[in-house]
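> Below are the sequence and a predicted model; questions follow.
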Amino acid sequence: MGHTFASRDELEGLYAEYNEALDDGAIERWPSFFATTSSYRVTTRENVERGWPMTLLHCESYGMILDRSVAIQKTLYFLPRMQRRVVSGIRVTREGPDLAHVRCSFAVFETLAGEHTKVLASGRAEDVVIRQEGALKFSERACVLDASLVPNSLPVPV
Amino acid sequence: MGHTFASRDELEGLYAEYNEALDDGAIERWPSFFATTSSYRVTTRENVERGWPMTLLHCESYGMILDRSVAIQKTLYFLPRMQRRVVSGIRVTREGPDLAHVRCSFAVFETLAGEHTKVLASGRAEDVVIRQEGALKFSERACVLDASLVPNSLPVPV
Amino acid sequence: MGHTFASRDELEGLYAEYNEALDDGAIERWPSFFATTSSYRVTTRENVERGWPMTLLHCESYGMILDRSVAIQKTLYFLPRMQRRVVSGIRVTREGPDLAHVRCSFAVFETLAGEHTKVLASGRAEDVVIRQEGALKFSERACVLDASLVPNSLPVPV
């Protein structure tokens, strides 16, 4: 990984904080990880590999990310579920002076009240990271789930 | 992550060695990761979020950690189980010249003899790391499990 | 982790790219991660701990790794399965000026068409990494699976 744009330590920190916020159920903090011009997308490997244009979720602007965050906050409090994100293989695939394309793999575990912990989803993210007021932010985040079957609880962002 | 107290590489190394020891079933090495004044605690998210004071396991001193290690060694040899710890998002949340507060997420997998590998638990750790004779040690380690249902095989420390 | 031979960033990059290639199903890129003199081995913890000499797969030379890669390419296209590798605790256990012994833990998730994502396997790798024409390559890679029950889909390398 080159260090032109950001160190490994900084990038690992971005993903750690992002996942902490979501695992803690602090959806109101989710938009704060995105740049003021940004997009967020969730799709499946099957869609990508077959060239289908479908997405499970597509926020085309920061405003849509904010709206989504508010909508989730209104519904989520009724769901007693605990999520846990594990990230691996954070890697800069391409970078310039002002941005880095970052790829990583993830697994999400979920625990419903009174049940054992299960694998909810796995997949990869293909992100673009920029710097705004000194802090790293996602200007693009695209999550590609390995499963085509979408679990109920993925209204929560990955 | 600031580098006042310890580098990412050192911290990653601490968690890697700690998890290796437990995954290898070398419970006798478990206390060696703790400072001579230290504590270890396992609780659940439900307990933490509801403000309940309960813990699943609480070693309030290094002596209790040692005792626990001996007790586990006596019972564990009868259990043909393989564990595997995966850690993610190691992050210094606060640090001073002599210590760092570290948070991370974990998943533990377990394989019983003749069975397939399963998710045993997931959760987060909130630790305090200090330096003793040059080496990083836990002065506090608190593991918060996502599930309230406690699997049989978590007498083994996380 | 000492930095005599390779930085954490370089090592993390090697494992990230290796796992990406396998997760992407790009088996034809698998041999490119090995040195021109190298070996690859998959075994189980039970075999190792009981001192049994058995392996699930043993490529004793780079030529055998190439052969294996071609054989998998011929069969794999018929299997609609998605894999996802998560790695943790990458740690240099021993190093010299020209090589590093590296240990890490892994979990592999698998998603069959129309099904939910499951844990396929977990285990540890004990590798030897060298440098060839500037790039890190495996001169030895030994994967030790936690389960003795071998899942169908582990003709694909770990």
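Thanks, I have it.
> Residue most distant from the centroid, chain A?
In terms of distance from the mean C-alpha position of chain A, A:Gly114 ranks first, at 26.9 Å (C-alpha atoms, centre = their mean).
> part of a helix, is A:Ser32?
Yes: judged by DSSP: H, G, I helix; E, B strand; the rest coil, A:Ser32 forms part of a helix.
> what's it in contact with, if anything?
Going by C-beta atoms under 8 Å, 6 or more residues apart in numbering or on different chains, A:Ser32 touches A:Ala21. Where you see a C-beta, it was placed from the backbone N, CA and C, and this is true even at glycine.
> for A:Arg94, same thing?
A:Ala100, A:His101.
> what separates it from chain C, distance-wise?
13 Å (C-beta to the nearest C-beta, to the nearest Å).
> where does chain A come near chain C, residue by residue?
Within reach of chain C by C-beta under 8 Å from any C-beta of the partner chain, chain A has these residues: A:1, A:3, A:8, A:45-46, A:86, A:88-91, A:103-107, A:119-124, A:146-149, A:151.
> taking those one by one, which sit in strands?
A:86, A:88-91, A:103-107, A:119-124 (DSSP state E).
> can you tell me the distance between the two ends of stretch A:114-122?
Across stretch A:114-122, the terminal residues are separated by 23 Å (C-alpha to C-alpha, to the nearest Å).
> Flag every buried residue along it.
A:Thr117, A:Lys118, A:Val119, A:Leu120, A:Ala121, A:Ser122 (16 or more other C-beta atoms under 10 Å in any protein chain shown).
> Distance-wise, check A:Arg45 relative to A:Ser105.
A:Arg45 sits 12 Å away from A:Ser105, going by C-beta to C-beta, to the nearest Å.
> Then A:Ala125?
Applying C-beta to C-beta to A:Ala125 and A:Ser105 gives a distance of 8 Å.
> Then A:Glu12?
To A:Ser105, A:Glu12 is 14 Å away according to C-beta to C-beta.
> ok, these two, which is more surrounded?
Neighbours were counted for A:Glu12 and for A:Ser105 using other C-beta atoms under 10 Å in any protein chain shown; A:Ser105 has more, 24 against 21.
> Verify the contact between the more buried one and A:Arg91 for me.
No: the criterion here is C-beta atoms under 8 Å, and A:Ser105 misses it with A:Arg91 at 9.5 Å.
> shared neighbours, the two?
Common neighbours of A:Ser105 and A:Arg91 (C-beta under 8 Å, 6+ apart) are C:Glu20.
> who touches both of A:Arg45 and A:Ser105?
What both A:Arg45 and A:Ser105 touch, as defined by C-beta under 8 Å, 6+ apart, is the set A:Gly123.
> thinking again about what came up before, out of the ones in strands among the residues of chain A next to chain C, which are close to chain B?
A:Val86, A:Ser88, A:Ala107, A:Val119.
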